[in-house]
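Undergrad: Need a 3D model of the sequence below.
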Amino acid sequence: MNRFTSDVSHARVGHVGLITLSRPQALNALSLAMVRELTQVLIDWQHDPQVWAVAVRGSNKQGPFGAFCAGGDIRYFHQAALAGDASLEDFFTEEYSLNHLIQNYPKPYIAFMDGIVMGGGMGISQGAALRVVTERTLMAMPETQIGLFPDVGGGYFLSRCPGHSGEYLALTGQLLHGTDALTVGLADVCLPSDALPALWDALSNPNWSSGEALLAGLQAQAENLQGACTVQNAARPSWHDAQLDSVFALPSVGEMVQSLTRLAAGQAEGWAAHTLQALRQRSPLMLAVSLEQIRRGRHLSLADDLRMERDLVRHCFHTDHLQRRGTQTETVEGIRALAIDKDRQPKWQPERIEDVTPEMVATFFVSPWPSQSHPLRHLV
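TA: Numbering: from 1, shown residues only. Next up, the predicted model:
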């Protein structure tokens with residue numbers, strides 16, 4: 001049976017549940033209604049013996065594929081924060097619960113990550129049993145640009161990237177292309193985008209004997225196709241400088257900046273100079289918070305990481321612990337500068353990385369809820 005909302009369509013075809021995100025005018029950015037629809041259909045299919053596997057894709061203005069999901073709807077975040085709209089709390093609680101559901105889904109879940117895959121789009125794809133990217137994939141966790149942190153389980157999956165590339169990706173929001181994503185373990189296979197329609201149609205093949213057989217067959221088909229997506233030197237992305245691990249293993253953002261400054265001395269171009277410039281544009285406070293998030297997340301289960309991130313996002317919009325409110329929060333100011341006024345001149349507090357104190361960071365990691373009443377206490 002087909003079921004449609006304005007922004008999500010889903011249907012069972014044979015023994016496969018197929019989901020298409022259909023909000024192309026917003027690059028499929030997730031609304032609370034979309035989070036709820038995705039959650040409900042996945043729960044329904046989880047208990048339906050006729051559904052053996054699930055696949056998800058996005059759509060662009062021309063049709064299926066071409067865009068996956070740009071993340072959460074940051075314009076809604078801004079409006080809800082200023083209005084004191086309680087649904088903002090529901091959004092993050094329910095989105096993180098959805099991320100946990102996908103990461104622990106008992107049936108093969110396959111994500112076709114074509115086009116833009118950022119923020120919340122990573123949250124609904126990183127838990128997939130098969131993560132497919134293409135030459136059109138543009139992947140990032142760019143939250144520090146808007147005074148936020150890489151949430152939706154970013155503390156869990158970024159911290160498990162090789163070496164200290166997770167810290168680098170979390171702090172800089174570096175854009176990854178399809179083969180880059182393979183290199184850092186955030187995708188499983190890179191295919192030419194024109195192969196996706198046939199692969200999607202193959203999901204409905206009535207000859208599959210089980211979800212596991214479907215997944216194995218799809219993986220085999222994908223591996224046969226992925227050579228066409230390979231680019232020269234794909235094993236070492238252009239941004240992965242030999243100094244990356246040594247810089248991003250340092251204890252603090254301040255020390256990273258000092259190291260990058262030395263490496264970039266006398267150079268207007270190059271990895272160190274570009275990275276230094278990127279860090280100087282981000283929220284100094286949220287850089288430090290994000291670094292601590294990744295370092296803690298490396299030793300946490302997914303459920304505990306999501307509970308930590310739920311604490312963090314509450315503090316991002318309710319910064320009483322820093323004696324700030326409303327428009328004075330890093331996140332509201334960051335969204336204003338990027339997406340509302342679009343002046344790209346955020347007024348960060350503090351302005352300089354060197355002025356962030358350990359005490360400022362530590363307050364973000366104090367949960368505002370007792371463990372027995374935490375909004376994500378049900379996650380295991």
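Undergrad: Out of the helices and strands in the chain, which is least certain?
TA: When the helices and strands of the chain are compared on mean pLDDT, DSSP states H and E, strand 2-4 comes out lowest with a mean of 48.
Undergrad: Quick one: name whatever helix or strand follows that strand.
TA: As assigned by DSSP states H and E, the chain's next helix or strand after strand 2-4 is strand 8-13.
Undergrad: so what strands line up beside that following strand?
TA: Here strand 8-13 is paired, per DSSP bridges, with strand 2-4 (antiparallel), strand 16-21 (antiparallel).
Undergrad: Run through who's touching the longest one.
TA: Counting contacts by CB atoms under 8 Å, 6 or more residues apart in numbering, the residues outside strand 16-21 that touch it are 7-12, 28, 34, 38, 41, 45, 48, 51-59, 64, 68-69, 200, 203-204, 214. In short, each C-beta sits where N, CA and C put it, glycine included.
Undergrad: Drop anything exposed from the residues you listed.
TA: Buried members of the contacts of strand 16-21, counted by 16 or more other CB atoms under 10 Å: 7-10, 12, 28, 34, 38, 41, 45, 51-59, 64, 68-69, 200, 203, 214.
Undergrad: Filter those down to the ones in strands?
TA: 8-10, 12, 53-59, 64 (DSSP state E).
Undergrad: Grab the two from those that are most spread out in space.
TA: Greatest spacing in those, by CB to CB: 53 and 59 (20.2 Å).
Undergrad: wouldn't residue 82 be in contact with residue 329 here?
TA: No: the pair residue 82 / residue 329 is not scored as a contact, 10.0 Å apart, by CB atoms under 8 Å.
Undergrad: Neighbour count for the two, which is higher?
TA: Between residue 82 and residue 329, counted using other CB atoms under 10 Å, the more crowded position is residue 329 (20 against 13).
Undergrad: What separation is there between residue 194 and residue 248?
TA: Residue 194 is 36 Å from residue 248, where distance means CB to CB, to the nearest Å.
Undergrad: okay, the two: which has more neighbours?
TA: residue 248 (24 against 12).
Undergrad: Please name the bridge partners of residue 11.
TA: Here residue 11, judged by DSSP bridges, has bridge partners residue 2, residue 18.
Undergrad: Let me know how buried the closest residue in space to residue 50 that isn't next to it in sequence is, in neighbour terms.
TA: Nearest non-adjacent residue to residue 50, counting by CB to CB, 6 or more residues apart in numbering: residue 15, 6.2 Å away. A count of neighbours around residue 15, defined by other CB under 10 Å, yields 21.
Undergrad: What of residue 254?
TA: That count, for residue 254 with other CB under 10 Å as the rule, works out to 17.
Undergrad: swap in residue 320?
TA: The burial count for residue 320: 10, using other CB under 10 Å.
Undergrad: Can you list the buried residues in the helix or strand containing residue 225?
TA: Per DSSP H and E: residue 225 is located in helix 211-225. By neighbour count on 16+ other CB under 10 Å, the buried set for helix 211-225 is 211, 214-215, 217-219, 221-222, 225.
Undergrad: likewise stretch 98-115?
TA: Neighbour-count burial for stretch 98-115 [16+ other CB under 10 Å]: 98-103, 105, 107-115.
Undergrad: Send me it as CSV with only the CA atoms.
TA: This file holds the C-alpha atoms of stretch 98-115, laid out as CSV (Å, rounded to 0.1, in the frame of the first residue of the first chain):
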residue,chain,number,x,y,z
LEU,A,98,15.0,8.1,15.0
ASN,A,99,18.7,8.1,14.6
HIS,A,100,19.0,5.4,17.2
LEU,A,101,16.2,3.4,15.6
ILE,A,102,18.0,3.4,12.3
GLN,A,103,21.4,2.5,13.8
ASN,A,104,19.7,-0.5,15.5
TYR,A,105,17.2,-1.5,12.8
PRO,A,106,16.8,-5.3,12.8
LYS,A,107,16.3,-5.5,9.0
PRO,A,108,18.7,-4.3,6.3
TYR,A,109,18.4,-0.6,5.8
ILE,A,110,20.0,0.8,2.7
ALA,A,111,20.7,4.5,2.1
PHE,A,112,21.2,6.0,-1.4
MET,A,113,23.2,9.1,-0.4
ASP,A,114,23.2,10.9,-3.8
GLY,A,115,23.7,14.7,-3.8
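Undergrad: quick one: that stretch to chain centroid distance?
TA: Put simply, stretch 98-115 sits 13 Å off its chain's centre (CA atoms, centre = their mean, to the nearest Å).
Undergrad: do the same with stretch 126-134
TA: 13 Å.
Undergrad: residue boundaries of the strands in the stretch 101-250 of the chain?
TA: With DSSP state E, counting those that start in this stretch as the criterion, the stretch 101-250 of the chain has strands at 109-113, 116-118, 130-134, 138-140, 189-191.
Undergrad: want to throw those into JSON lines with distance to residue 86 and mean pLDDT?
TA: Putting these into JSON lines (distance: least, CB to CB, whole Å; pLDDT from 0 to 100) gives the following:
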{"stretch": "strand 109-113", "distance to residue 86": "31", "mean pLDDT": "98"}
{"stretch": "strand 116-118", "distance to residue 86": "26", "mean pLDDT": "98"}
{"stretch": "strand 130-134", "distance to residue 86": "34", "mean pLDDT": "97"}
{"stretch": "strand 138-140", "distance to residue 86": "30", "mean pLDDT": "97"}
{"stretch": "strand 189-191", "distance to residue 86": "41", "mean pLDDT": "94"}
